[in-house]
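Enquirer: Sharing a model prediction with you, sequence too.
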Amino acid sequence: MSSVWRWILGLVVLIGSLRRRRQEREHDRIVEKAPGNPRAEVAVAILLLLTTLFAVAFIVFLATDSIGGQTQLMGATLGACFLFFAAALIVAAKTIIATEEIEEEYPEPGNPQEQQEVDQIIRESGDGITRKGLLRTTGGAAIAAIGAAIVAPIAGFGPFLKTRELQQAPWHRGRRLVDEKGKPYKASDISSETFYTAYPEGDVSKSLIGAPIVLVRLEMSALKLPPGRADWAPGGIVGYSKICTHAGCAIALYRKPLFPTVEPRPALVCPCHYSTFDPAEGAKVIFGPAGRPLPQLPLTVDAHGYLRARGNLSGPPGPGWWGVRSGPARNAS
Ligand code: FES
């Protein structure tokens, strides 16, 4: 027999033995071979794709402050993401995954023979799936996108590395205090009955955390400012950062007693969690969760009666976190 015939014969024997082994394997199956359901697999893949798209949309909306209705869009996209993911799991469970009910408990791992059978059941359960690659890709993408959507809001806890700008305040010696419309405040504009919001004059963004200042006028005799601040309150007018040192809400309430002899003294109050600050004593915290006083702006009155800053805030404005409680405010401009 020539070597060519020997090769052909060997090939025939090999193919025959492979076929026989496959038939044996089919015969030894534990889980019956299920017919594939390609349409259901495509439906699951589409649902997983939608899950991924909405998770990514959530991250985009989270990162884009400039769009209107940001909160609603974030809620809608995250809700849709979980809805489609749940739908994908339900459709997969009902139509693709092989289900088997056994009367006895699965054997404890340890018996190699039984363990092999469990492995075989798991392996064979997926035999009916015809588009494993597609489902693996869309499923992996959906899980990765959901993971990213869950982790992304951590960035909202605050800047971890670039904290410098949160310590900045746009105040410096000589800068006038103006109202919301840019009209400079005169000391005579400030009455003792209420409080006023002031901003730095000039080309300064009002949204800077150190920009808004709350002004109140108190009796000179009531002032007990910390050492070194005796000349920071001309005519009893004191100015403090308007941003609460607890979680950054605006100080929007002024407690002014109508019957001073029996009621508590004037106080600046944050409406979010009712941190209360005593303006007569350097805005020290007298109630609530804030951990430090409101930074004070040193004030002076110029020759024309206008209120001007004598310098920067006494400390970094805004909520406290990590090291921001220590150190002075930095100049923003
Ligand atoms: S943010 Fe002001 S008390 Fe919480």
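Expert: Sure thing, it's come through.
Enquirer: Can you give me the separation between Ile15 and the ligand?
Expert: Counting by C-beta to the nearest ligand atom, to the nearest Å, the gap from Ile15 to the ligand is 77 Å. Glycine gets a C-beta too; all of them are placed from N, C-alpha and C.
Enquirer: what does Ala222 give?
Expert: In terms of C-beta to the nearest ligand atom, Ala222 sits 24 Å off from the ligand.
Enquirer: any idea whether the residue nearest to that residue when sequence neighbours are not counted is helix, strand or coil?
Expert: Spatial nearest neighbour of Ala222, excluding adjacent residues (C-beta to C-beta, 6 or more residues apart in numbering): Ala280 at 4.9 Å. Applying DSSP: H, G, I helix; E, B strand; the rest coil to Ala280 yields a three-state assignment of helix.
Enquirer: thinking Ala280 is in contact with Ser221, fair?
Expert: No. At 9.8 Å, Ala280 does not count as touching Ser221 under the criterion of C-beta atoms under 8 Å.
Enquirer: Neighbour count: the two, which is higher?
Expert: Ala280 (20 against 8; other C-beta atoms under 10 Å).
Enquirer: Kindly state the pLDDT recorded for the more buried one?
Expert: In this prediction, Ala280 carries a pLDDT score of 96.
Enquirer: By proximity to the ligand, which residue of the stretch 1-150 of the chain wins?
Expert: Closest contact between the stretch 1-150 of the chain and the ligand, by C-beta to the nearest ligand atom, is at Thr71 (18.1 Å).
Enquirer: In which helix or strand does that residue reside?
Expert: Element membership for Thr71, per DSSP states H and E: helix 70-95.
Enquirer: Show me what counts as buried in that helix.
Expert: For helix 70-95, burial by neighbour count (16 or more other C-beta atoms under 10 Å) applies to 73-74, 77-78, 80-81, 84-85, 87-89, 91-92.
Enquirer: residues contacting Glu263?
Expert: Under the criterion of C-beta atoms under 8 Å, 6 or more residues apart in numbering, the contact list for Glu263 reads Pro257.
Enquirer: ok, and for the helix or strand just after the helix holding Thr71, which residues are buried?
Expert: Following helix 70-95 in sequence order, the next helix or strand is helix 112-125 (DSSP H and E). Buried positions in helix 112-125, judged by neighbour count with 16+ other C-beta under 10 Å: Ile121, Glu124, Ser125.
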